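K.L.:
Structural data only, the sequence is not supplied:
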């Protein structure tokens with residue numbers, strides 16, 4: 001399959017038609033290049049707050065609620081585009097309130113057959129905890145798709161190996177991210193690459209890029225798209241299948257073969273995924289040796 005992962009800039013929209021045109025163009029461009037799976041970044045849906053006007057877009061709480069209110073229409077548009085182009089799309093994540101008092105950070109995976117699944121972020125960053133007040137949502141899900149088994153670790157979640165291990169059956173891990181600083185980008189990238197190493201799978205990182213000075217929430221964004229595998233049999237020695245240019249908007253493409261993933265898991269030079277359970281129970285086995 002061909003995977004397209006986005007370095008995605010946030011735009012100002014005066015009306016819904018402008019947003020629809022942007023998303024239609026992005027999906028169409030990737031589909032024209034033969035992409036089967038399209039990955040948008042974390043909090044890319046925050047640009048929808050501009051549809052409520054400058055005052056709402058600039059207010060943190062109001063912007064979260066404005067975006068959440070638009071998600072039914074966003075779902076309908078993504079499903080329409082997935083069906084039209086015969087592609088799977090991980091839509092940009094969004095704050096979603098549902099019936100909750102505080103929002104979750106939710107990404108939706110749209111299939112061309114009209115089905116949709118959702119993944120909530122598990123562990124909140126410091127700014128999500130306060131002042132955003134975003135909370136953890138529903139547990140991790142393994143998506144069984146026509147493209148293979150897919151897991152989603154939203155941004156900070158990729159930095160926690162036990163979350164990655166819970167998705168060890170996934171052949172592809174999607175890592176939509178939103179990082180303000182270069183250090184944040186590299187934390188998530190290192191996490192995505194580490195999860196690909198441990199699970200002997202492919203991880204796909206998408207990033208927000210550029211400035212959105214109309215927003216308190218996502219005003220500065222640093223990153224680029226990338227696709228990573230284990231540096232082992234059938235993969236590049238760096239583990240990097242594809243990467244973009246820092247802060248340059250656009251799609252990054254990589255060809256991924258599930259047979260290669262199966263081969264490295266079965267016959268790789270190392271077998272991290274298989275040997276995971278050979279790690280000792282460190283909580284009970286560590287000894288203290290004083291050299292004072």
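P.N.:
Cool, the structure landed. In this text the structure is predicted, and so the values were computed from the model without any measurement. Residues are numbered from 1 along each chain as shown.
K.L.:
and the spatially closest residue to residue 103 that is not a sequence neighbour, what are its bridge partners?
P.N.:
Closest residue to residue 103 apart from its sequence neighbours, by CB to CB, 6 or more residues apart in numbering: residue 95 at 3.8 Å. The way it works is simple: take the backbone N, C-alpha and C, and place the C-beta from them, glycine included. Bridge pairing for residue 95 (DSSP bridges) gives the partners residue 105.
K.L.:
Just give me the neighbour total for residue 24.
P.N.:
Neighbours of residue 24 under the rule other CB atoms under 10 Å: 15.
K.L.:
That one against residue 82, yeah?
P.N.:
No: here residue 24 lies out of contact with residue 82, judged by CB atoms under 8 Å, at a distance of 11.9 Å.
K.L.:
how about residue 89, secondary structure?
P.N.:
Each residue gets one of three states, and residue 89 gets strand by DSSP: H, G, I helix; E, B strand; the rest coil.
K.L.:
scratch that, residue 236 is what I was asking about
P.N.:
Under three-state DSSP, residue 236 falls in the coil class.
K.L.:
Now do it against residue 147, distance only.
P.N.:
Residue 236 sits 21 Å away from residue 147, taking CB to CB, to the nearest Å as the criterion.
K.L.:
So which of these two has more stuff around it?
P.N.:
When neighbours are counted by other CB under 10 Å, residue 147 comes out ahead of the other of residue 236 and residue 147, with 18 against 13.
K.L.:
which residues touch that one?
P.N.:
Applying CB atoms under 8 Å, 6 or more residues apart in numbering to residue 147 gives the contacts 1, 36, 37, 88, 172.
K.L.:
Repeat that for residue 273.
P.N.:
Applying CB under 8 Å, 6+ apart, we find residue 273 in contact with 168, 198, 199, 200, 201, 265.
K.L.:
Tell me how many other residues crowd the second one.
P.N.:
What it means is residue 198. Residues lying near residue 198 (other CB under 10 Å) number 17.
K.L.:
Find the nearest non-adjacent residue to it, please.
P.N.:
When the adjacent residues along the chain are set aside, residue 198 lies closest to residue 272, with 5.1 Å between them (CB to CB, 6+ apart).
K.L.:
Might you report the residue contacts of the one you found?
P.N.:
Taking CB under 8 Å, 6+ apart, one finds 197, 198, 199, 200, 230 in contact with residue 272.
K.L.:
ok, those vs residue 246, which is closest?
P.N.:
Proximity of the contacts of residue 272 to residue 246, judged by CB to CB, is greatest for residue 197, which lies at 22.6 Å.
K.L.:
close enough to count as contact, the closest one and residue 235?
P.N.:
No: shown here, residue 197 and residue 235 do not form a contact pair, counting by CB under 8 Å, at 10.2 Å.
K.L.:
lowest average confidence, helix or strand, in the protein?
P.N.:
Taking all helices and strands of the chain together, the one with the lowest average confidence (mean pLDDT, DSSP states H and E) is helix 282-285, at a mean of 74.
K.L.:
tell me the centre residue of this protein?
P.N.:
residue 176 (1.8 Å; CA atoms, centre = their mean).
K.L.:
Who are the packing partners of the helix or strand where that one lies?
P.N.:
With secondary structure defined by DSSP states H and E, residue 176 is part of strand 172-177. Under the contact definition 3 or more CB pairs under 8 Å, 6 or more residues apart in numbering; DSSP states H and E, strand 172-177 sits against strand 37-39, strand 104-110, strand 148-152, helix 182-199, strand 202-211.
K.L.:
chain center to the next helix-or-strand element following the last one, what's the gap?
P.N.:
What that stands for is strand 202-211. Stepping forward along the backbone from strand 202-211, the first helix or strand reached (DSSP H and E) is strand 220-221. In terms of CA atoms, centre = their mean, to the nearest Å, the centre of strand 220-221 is set 16 Å apart from its chain centre.
K.L.:
for strand 220-221, packing partners?
P.N.:
strand 202-211.
K.L.:
and the closest residue to residue 197 other than its chain neighbours, how far is that from residue 263?
P.N.:
The spatially closest residue to residue 197, leaving aside those adjacent along the chain, is residue 230, at 5.0 Å (CB to CB, 6+ apart). Separation of residue 230 from residue 263 (CB to CB) stands at 11 Å.
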